[in-house]
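> The following block contains a protein sequence and its predicted model.
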Amino acid sequence: MTTSTTGRQTKRRAGRRHDGRGAFTLLELVLVMMVICTVLAMAAPSLRGFFASRKTADTASNLVALTQLARSQAIAEGTPYRLNIDAESGRYWVTMQDQGAFVPLTTDFGRIFQMPDGVQADLKVDGAGPNRDYVTFFPDGRTEPAVIRLRGLQGDRANVECDAPAETFRVVSPKEGDDR
């Protein structure tokens, strides 16, 4: 203990100045960084497929959005719309009927969308032949019942389904062995 000029006694720490600020030593920082790197190295392999599997789910959500657009536009404009899917090239787009022919939309939704690498689509329209590559949306609000099966490289799957003409499309997780 030391006595100050005012007569107060104070305690001093030997070898270290204490001014109220906490600090970490270089050794402590290096140890924390090593622990963080070890945890990340263990977790990285399990996260590798996460983003690849999201591609299939994102494509399914995009297809549902396009079906909702096609249905609402068909009702609003009183003209049939189609969602076209080219399974070979992995492209899909919306067209509308204009003077007897189906033409691309002039909006951003009329552009051709490309499925992500590794995502494959298979379209089955109820009551149509096996090579049918479109679903029609009618001005009275009806939709052709159909299933769009999506498969990714990681084994992830999603179905975009419409079970009845008066229903809308939705994303459904396929059940094991479900290949309808």
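It's in.

> drop to CA atoms for contacts and neighbour counts, all remaining ones
OK.

> Determine the longest strand present in this protein.
For the chain, the longest strand by residue count, based on DSSP state E, is strand 91-98.

> what's that strand packed up against?
strand 81-86, strand 101-104, strand 113-114 (3 or more CA pairs under 8 Å, 6 or more residues apart in numbering; DSSP states H and E).

> okay, those strands, which one's buried deepest?
strand 81-86 (a mean of 22; mean count of other CA atoms under 10 Å).

> lowest average confidence, helix or strand, in the protein?
Between all helices and strands in the chain, the lowest mean by mean pLDDT, DSSP states H and E belongs to strand 2-3, at a mean of 58.

> so which helix or strand takes in the most centrally placed residue in the chain?
The centroid of the chain falls nearest to Asp58 when counting by CA atoms, centre = their mean (2.8 Å). Assessed by DSSP states H and E, Asp58 sits inside helix 50-77.

> Run the chain-centre distance for that helix.
11 Å (CA atoms, centre = their mean, to the nearest Å).

> what angle sits between that helix and strand 91-98?
0 degrees (axes from the mean of the first three to the mean of the last three CA atoms, to 10 degrees).

> Show me which residues of helix 50-77 are buried.
For helix 50-77, the neighbour count (16 or more other CA atoms under 10 Å) marks 52-53, 55-57, 59-61, 63-64, 66-75 as buried.

> average pLDDT for it?
For helix 50-77, mean pLDDT rounds to 87.

> That helix - contacts with which helices or strands?
Going by 3+ CA pairs under 8 Å, 6+ apart, helix 50-77 lies up against strand 81-86, strand 134-137, strand 146-151, strand 157-162, strand 170-172.
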